[in-house]
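Undergrad: I'll drop the sequence and a predicted model, then ask my questions.
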Amino acid sequence: MPFNIQSCRRKFIPLTILCAVTVGVSPSSAQGSDAERPGTNAVSETAGGDDEVPIASTLLAGVIHQLPPDPIRVTGKLLVRRLRGVPVKTYGFELIARWGEDVPHTQYTIFDAFGDPLERLELTHGVPPRVRHAVGGGDLAEVPVVALGRQIQQSDISWMDLTLSFLWWTDAHHEGEESVRTFDCYIIRVNRPPDEPGPYHSVRLWISKKAGMMLRAEGLDATGKPIRQLWVHSVHKVDGAWMVENMEIQSPPAVQRTKLSIAEVERL
């Protein structure tokens, strides 16, 4: 049964995924504060006093733990626009996610403004990951992992951003703490596996201390320079969980941005 995010908020299922549909996230108007947010058992403090912080790999596991375990279907839109607000392109998208399986699996389809499929991508989060891609309604064919770095159509978002594949990288390090708006966050950096190609040498993540949710991130090149950023514009508390409703993604040079909006979520 589909749930409309506008008219059926109380029935909306947990979708903390979209706090991390990113590489490069910095909330600009997220509603609420960490003091109001629920905690998560997946992110546990290390033993010790107030100066102790969670291990970076534990924080990363906590983000993955919050992804909905039951199969879901998510639909929404990608709106590409110039910085002055002039629209350039609009795409529809569909996500079918099965994060609760032993080997998590996701499938994404991008549609044109008339609802016709433009391309699809499947990702199996194994070691190494398996990527399959198709143009339009054609048959999926296996492609190199490097394909995840390609930007989708004329948008600013890449397949790696949508698939969250960097969350499964294991080389994670704590870099400090910082407040993002009203949210107190731990900062960690995850480095790309040496045998896995892609656009990001590493990804820096800002993770809420209380909720364990990823609130900001940046995809970095080999010199540590950000090459993609995303801003979360609104979140809502539904059934005791916080959900992202709208966010924007931008790649330098700052000529345009892509807004991602969620419309419906359906349990499969």
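TA: All right, it came through fine.

Undergrad: looks like residue 117 contacts residue 107 (just checking).
TA: No - counting by C-beta atoms under 8 Å, residue 117 sits too far from residue 107 to count as a contact (11.7 Å). Where you see a C-beta, it was placed from the backbone N, CA and C, and this is true even at glycine.

Undergrad: shaky segments in the stretch 101-250 of the chain?
TA: Low-confidence segments of the stretch 101-250 of the chain (pLDDT under 70): 234-244.

Undergrad: so which residues of it form helices?
TA: Assigned by DSSP state H, counting those that start in this stretch, the helices in the stretch 101-250 of the chain fall at 159-163.

Undergrad: now for residue 222: which residues touch it?
TA: By C-beta atoms under 8 Å, 6 or more residues apart in numbering, the contact list for residue 222 reads residue 201.

Undergrad: do you know how far it is from residue 127?
TA: The gap separating residue 222 from residue 127 is 23 Å, by C-beta to C-beta, to the nearest Å.

Undergrad: could I have stretch 136-149 exported to CSV, CA atoms only?
TA: Output in CSV follows, covering the C-alpha atoms of stretch 136-149 (Å, rounded to 0.1, in the frame of the first residue of the first chain):
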residue,chain,number,x,y,z
GLY,A,136,15.8,2.7,-21.1
GLY,A,137,13.8,-0.5,-20.7
GLY,A,138,16.6,-2.8,-22.0
ASP,A,139,18.1,-5.8,-20.3
LEU,A,140,20.5,-5.2,-17.4
ALA,A,141,24.1,-5.9,-18.1
GLU,A,142,27.0,-6.1,-15.6
VAL,A,143,29.3,-3.0,-15.7
PRO,A,144,32.4,-2.0,-13.8
VAL,A,145,32.0,-0.5,-10.3
VAL,A,146,33.5,2.7,-11.6
ALA,A,147,30.1,3.3,-13.3
LEU,A,148,28.8,4.3,-9.9
GLY,A,149,30.7,7.6,-10.3
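
Undergrad: and residue 58, what's its pLDDT?
TA: You'll see residue 58 listed with a pLDDT of 91.

Undergrad: hey, C-alpha coordinates of stretch 110-125 in CSV?
TA: Extracted in CSV, the C-alpha atoms of stretch 110-125 (Å, rounded to 0.1, in the frame of the first residue of the first chain):
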residue,chain,number,x,y,z
ILE,A,110,15.2,7.1,-13.7
PHE,A,111,12.2,8.3,-15.8
ASP,A,112,11.7,11.2,-18.1
ALA,A,113,8.9,13.8,-17.6
PHE,A,114,6.4,11.5,-19.4
GLY,A,115,7.1,8.5,-17.2
ASP,A,116,9.2,6.5,-19.7
PRO,A,117,12.3,4.8,-18.3
LEU,A,118,15.7,6.4,-19.2
GLU,A,119,18.0,4.0,-17.3
ARG,A,120,18.2,1.5,-14.5
LEU,A,121,20.9,0.4,-12.1
GLU,A,122,21.1,-2.5,-9.7
LEU,A,123,23.6,-2.7,-6.9
THR,A,124,24.4,-5.8,-4.8
HIS,A,125,26.5,-4.7,-1.8
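
Undergrad: sounds good, over and out.
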